[in-house]
Every structure is written in structure tokens, then in C-alpha cells.
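Engineer: need a 3D model of the following:
(one chain, ligands or ions: 2)
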Amino acid sequence: MKAYRFLDWLQPPELSDVPVPEPGPGEVLIRVGGAGACHSDLHIFEYPPGKRPWVPPFTIGHENAGWVEELGTGVTGVSVGDAVAVYGPWGCGRCRACRESKENYCELMATQNALGGGLGRDGGMAEYMLVPSARLLVPLGDLHPSEAAPLTDAALTPYHAIKRSLHRLHPGTTAVVIGVGGLGHMAVQILRALSGAQIVAVDLDPAKLALAAESGADSTVTSGQSAADEVRELTRGLGAELVLDFVGATSTIALAGACVRAEGDVTIVGAAGGEITWRFGALPPEVSLSNTFWGSGTDLIDVLELARQGRIRAHIERFPLDRVDEAYDRLRAGTIQGRAVIVPNAA
Ligand SMILES: [Zn+2]
Ligand SMILES: [Zn+2]
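Structural biologist: Ligands and ions are numbered 1, 2, ... in the order given. Sure thing, here's the model as predicted:
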């Protein structure tokens, strides 16, 4: 089968021929119906060797959904043909965090040499992918795998980041979304679905701000010198209760700090590797600054339910597997609106 392989550090991935994997005991083979192209993959392609404890080669693609193709011995609870989303962070399944469904924070993750498919192990940019346990599969119901795939990260990650601050977002408050890419445009929709807060979207690109407005943002602000002032104007000079930074560059983290109000939350989700210098008074009093990583398995169940209810929907552009390079080139150039989804099998 064809698979888009990360062959080595600092090398562009390549479409290669590899055997269709065979499920061992407890494993499930998935016929991939959608694999989202995430901005964090572009960071992976540029990591210096050893930045992650992964051993290339492996297949890219950590936002996956498809149909159950074959069950390894002993697998119960799923059937061949079921449409499923693949929960992306593959923890040990047994530690306290995993038992709380937070495999994204598995206690053994630091000692494992992979985070999941596409992140050290073979991911979904292939005709088939192997999932180590049926525990990691969530039924899709009537959602199509190509629509559902991006929800497993592009919606799950902002859902988790928003949920932990939801108690701050009563009507009359403001949430700011910096960076309206794959995750940001879902964040706007999730804020709209879950809260009564005013939603302000910030980006450099007018097309992305238009997508934010279409996704439910009340106001859009062009990133730059005056962006923080504009957010303050929209919040009676007070600033926002929640600022989500989906870029994570030094400039966007600074903007987040300039937009947040006292007792607010700044949550950095984007992995651009920016820095902030903290000192007493650098942020308004009692601001909580944190970063989040992905979401829990139960968060994914919630996200898929929101999608089935029609309250969130990823804006996607589909690419066949043989055009995967083009999808990443356009993602790098900033010309993908919403999410690029690779579709190795249409049905
Ligand atoms: Zn991702
Ligand atoms: Zn664990």
C-alpha cells in the first residue's frame, strides 16, 4: 500500500510502498477514510534530530478516522465495517491518567518512544493503519470519516482548552481566538456552541478572518500593532476572560498577554515555540498562563456528539493520498482554509 513516510529527521516525507499491516492480538486494522494534515506536522518535518524520542521511519498522520477492516485475536466491542474515529494519544491504558481517559497525559508517556500514530508510530496517511487497542476507537454514527478525522485533533484540542476555562465564560464575557487555522476555526465554533461569550478572532489573513466570521465570531481583528487596543475597545477596556493562542509564537503570546483581563486565562495551544518573559506585573493580576496538549478520550466523545448534532463542522478541503505533498505545501503557504484532509479511501 501507499503510505506518506517520515523517513528521517530534516528530510521531507515521501510516499512509499509498504506492506499492509496485519493486526496482532488486541490490535485493529483500520481502512483510512480521512487523515487531517496538521500544522504541527510541519514542525515535525523541521525538528532537529533527537527533539523527540522517535525512531524514524514512520507514517505521518495523527488525525484519523476510517472503517474497521480486520480484528486481531481477542478484540471485542467493535465489528468489521464500523465507522470509527481514532483517538490520537496512545497511552499505556493502565496508569491513573489513562484510567481517567487522559491518555494525552499518560504517566508513562515520557518513557515511551512514541505518542501515537503519526507521532513516532505509523499514522493514517496510508490506505490502512494499525491501532493498538479497540480502547482507542470511538464510533462515528452517521459522520463520514473524512469529516470526522480533523475533529480528533483540530476540534478535540480546542475543546479541551475551552472546557477547562468554561466557568469563566458567562454571557457578557469575551473569548479571544488568535490564529484561525485548522484548530482556531473549530475553537470559534466550539465557543459558540458552549458559551454565551463574545468571540473575537485575530489573524493576519483576511480569508481566515472571513472564515472566523462564518464560523460564528462576533468580531474579527487584524493581527498587528493595534490588535490589543482593538480587543480592549471591544471589552470596555477590561480585556478578555480567555485568550487562546493557536500559534504560540513570541509575538502572539505577547498579544495574548496584552489582551487578557485580571483573573483571566491565557492558554497557549500552538506549538511555534515562542517565549514570554515573566516578571512581577508582566501580566494583569491573577492571570493563569498555561499550555494544553490535545484532549481526553471522553472529550473526543463530546466533540463527535457536537458534530453529530450539527453544532460544529470542520471546514475541509479533501486531497487524494497522491497529492499529500501539495496539501502540506499549501498549509505551509497559509492557503488552506480550515483543514486539509487526505482521503486514502473514499468509501
Ligand atoms: Zn495536530
Ligand atoms: Zn498511561
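Engineer: got a pLDDT number for A114?
Structural biologist: Among the per-residue scores, A114 holds a pLDDT of 80.
Engineer: tell me the contacts of the residue in the stretch 1-150 of the chain positioned nearest to ligand 1?
Structural biologist: Going by Cβ to the ion, ligand 1 is nearest to C38 of the stretch 1-150 of the chain, at 3.1 Å. Any C-beta I mention is one placed from the backbone N, CA and C, and that applies to glycine too. Contacts for C38 (Cβ atoms under 8 Å, 6 or more residues apart in numbering) come out as H62, E63, D153, A154, G182.
Engineer: could I get the residues you listed as JSON lines with neighbour count and pLDDT?
Structural biologist: Formatted as JSON lines, those follow (neighbours: other Cβ atoms under 10 Å; pLDDT from 0 to 100):
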{"residue": "H62", "neighbour count": "28", "pLDDT": "98"}
{"residue": "E63", "neighbour count": "34", "pLDDT": "98"}
{"residue": "D153", "neighbour count": "26", "pLDDT": "98"}
{"residue": "A154", "neighbour count": "29", "pLDDT": "98"}
{"residue": "G182", "neighbour count": "31", "pLDDT": "95"}
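Engineer: will you turn these into JSON lines that also has distance to A340 and secondary structure?
Structural biologist: Shown next, in JSON lines, are those (distance: Cβ to Cβ, whole Å; DSSP: H, G, I helix; E, B strand; the rest coil):
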{"residue": "H62", "distance to A340": "14", "secondary structure": "coil"}
{"residue": "E63", "distance to A340": "10", "secondary structure": "coil"}
{"residue": "D153", "distance to A340": "13", "secondary structure": "coil"}
{"residue": "A154", "distance to A340": "10", "secondary structure": "coil"}
{"residue": "G182", "distance to A340": "8", "secondary structure": "helix"}
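Engineer: ok so, going back, for V180, see how far away the residue of the stretch 1-150 of the chain closest to ligand 1 is.
Structural biologist: C38 is 15 Å from V180, where distance means Cβ to Cβ, to the nearest Å.
Engineer: who's in contact with the helix or strand bottoming out on mean pLDDT in the chain?
Structural biologist: Among the helical and strand segments of the chain, the one scoring lowest on mean pLDDT, DSSP states H and E is helix 39-46, with a mean of 93. For helix 39-46, contacts defined as Cβ under 8 Å, 6+ apart pick out 6, 10, 12-13, 52, 60-62, 118-119, 181-182, 270-273, 328, 331-332.
Engineer: distance between the helix or strand where D325 lies and the chain's centre?
Structural biologist: Element membership for D325, per DSSP states H and E: helix 324-333. Here helix 324-333 is found 17 Å from its chain centre; the criterion is Cα atoms, centre = their mean, to the nearest Å.
Engineer: quick one: the least confident helix or strand of the chain to helix 324-333, angle?
Structural biologist: 100 degrees (axes from the mean of the first three to the mean of the last three Cα atoms, to 10 degrees).
Engineer: ligand 2 contacts on this protein?
Structural biologist: By Cβ under 5 Å from the ion, the part of the chain that sits against ligand 2 consists of G91, C92, C95, C98, C106.
Engineer: I'd say the first one and C106 touch.
Structural biologist: Read that as G91. Yes. G91 is within contact range of C106, at 2.9 Å (criterion: Cβ atoms under 8 Å).
Engineer: narrow the contacts of helix 39-46 to just the buried residues.
Structural biologist: 6, 13, 60-62, 118-119, 181-182, 270-272, 328, 331 (16 or more other Cβ atoms under 10 Å).
Engineer: and which of these is nearest to ligand 2?
Structural biologist: L119 (15.4 Å).
Engineer: how much space separates that closest one from Q112?
Structural biologist: Counting by Cβ to Cβ, the gap from L119 to Q112 is 10 Å.
Engineer: equivalent analysis for R236, please.
Structural biologist: 48 Å.
Engineer: between these two, which one's more packed in?
Structural biologist: Neighbour count, other Cβ atoms under 10 Å: between R236 and Q112, Q112 has more, with 16 against 10.
Engineer: in contact with the more buried one, which residues?
Structural biologist: P53, C92, C106, G120.
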